[in-house]
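Student: The sequence isn't on hand, but the structure is:
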């Protein structure tokens, strides 16, 4: 159980760093990177429980692969939206993206 605790501690630290970055930073790129950091912490938990859990198997690793593919699609769409917003507003600050275009 010692190895599982160290993996879970590392994942908790990564998730907290990502949550802090997503909630406090103003730059949209940093917010997207923080969300990716939180998703990687979830992947680490899935793989750790897959290997050191009560019933070891491949299910956690398979879910982790799905999560990685979803994270890649999220990053691509997020960057595309960010580029479109930057072209319209001229800034990457999240605080200035509060209005919808009519």
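Tutor: Received the coordinates, thanks. Bear in mind the structure is a predicted one, so any value in this text is a computation, not a measurement.

Student: From here on, just use CA atoms for contacts and neighbour counts.
Tutor: Noted.

Student: now the strand or helix carrying residue 64: how far from the chain's centre is it?
Tutor: Counting by DSSP states H and E, the element that carries residue 64 is helix 59-89. Relative to the centre of its chain, helix 59-89 is centred 9 Å away, using C-alpha atoms, centre = their mean, to the nearest Å.

Student: cool, stretch 85-94 as well?
Tutor: Worked out by C-alpha atoms, centre = their mean, stretch 85-94 lies 22 Å from the chain centre.

Student: Grab the nearest non-local neighbour of residue 20.
Tutor: Sequence neighbours aside, residue 34 is the residue nearest to residue 20 in space, at 8.0 Å (criterion: C-alpha to C-alpha, 6 or more residues apart in numbering).

Student: From residue 21, how far off is that neighbour?
Tutor: 5 Å (C-alpha to C-alpha, to the nearest Å).

Student: Tell me which of these two has more neighbours.
Tutor: Just comparing residue 34 and residue 21: by other C-alpha atoms under 10 Å the higher neighbour count belongs to residue 34, 23 against 20.

Student: Please consider this matter closed, and thank you.
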